[in-house]
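Peer 1: based on what follows, work out the 3D shape:
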Amino acid sequence: MKYLLIFGLAFVLGLLIINIAGVGVYFLTILPFLIYSILIGVIVWFAISFIKLQRERNEILADIANKLEKL
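Peer 2: Below is the predicted model:
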């Protein structure tokens, strides 16, 4: 996550430098699309990570419940 944020900031700074040079006007039209794409990617990554963690947690709780039933 930290690397994604650093990469995003570096990308935006690069676009600003290109824009100052007068070449990057067209890149700025793509910027909202890139921001939304990155945002959607982060949300999907978070959802998948959250689901994996919950699945592992449920497996551990099921093991504990099975051990308690055997007692």
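Peer 1: so the most centrally placed residue in the chain is in which element?
Peer 2: With distances taken as C-alpha atoms, centre = their mean, Val42 lies nearest the centre of the chain, 2.2 Å away. Element membership of Val42 [criterion: DSSP states H and E] is helix 25-70.
Peer 1: if we can go back for a sec, and the residue nearest to the centre of the chain, how far is that from Ile51?
Peer 2: Counting by C-beta to C-beta, to the nearest Å, the gap from Val42 to Ile51 is 15 Å. Heads up, the C-betas are built off the backbone N, CA and C, glycines and all.
Peer 1: what is the neighbour count of Trp15?
Peer 2: Small correction: residue 15 is Leu, not Trp. 16 (other C-beta atoms under 10 Å).
Peer 1: host element of it?
Peer 2: Counting by DSSP H and E, Leu15 is part of helix 2-20.
Peer 1: give the rounded mean pLDDT of that helix.
Peer 2: For helix 2-20, the mean pLDDT works out to 71.
Peer 1: ok, Arg55 to Ile35 distance?
Peer 2: Counting by C-beta to C-beta, the gap from Arg55 to Ile35 is 31 Å.
Peer 1: give me the more crowded residue out of the two.
Peer 2: More crowded of Arg55 and Ile35, by other C-beta under 10 Å: Ile35, with 13 against 10.
Peer 1: any idea how far that one is from Thr29?
Peer 2: Computed as C-beta to C-beta, the Ile35 to Thr29 distance reads 12 Å.
Peer 1: repeat for Leu71
Peer 2: On the measure of C-beta to C-beta, Leu71 and Thr29 end up 66 Å apart.
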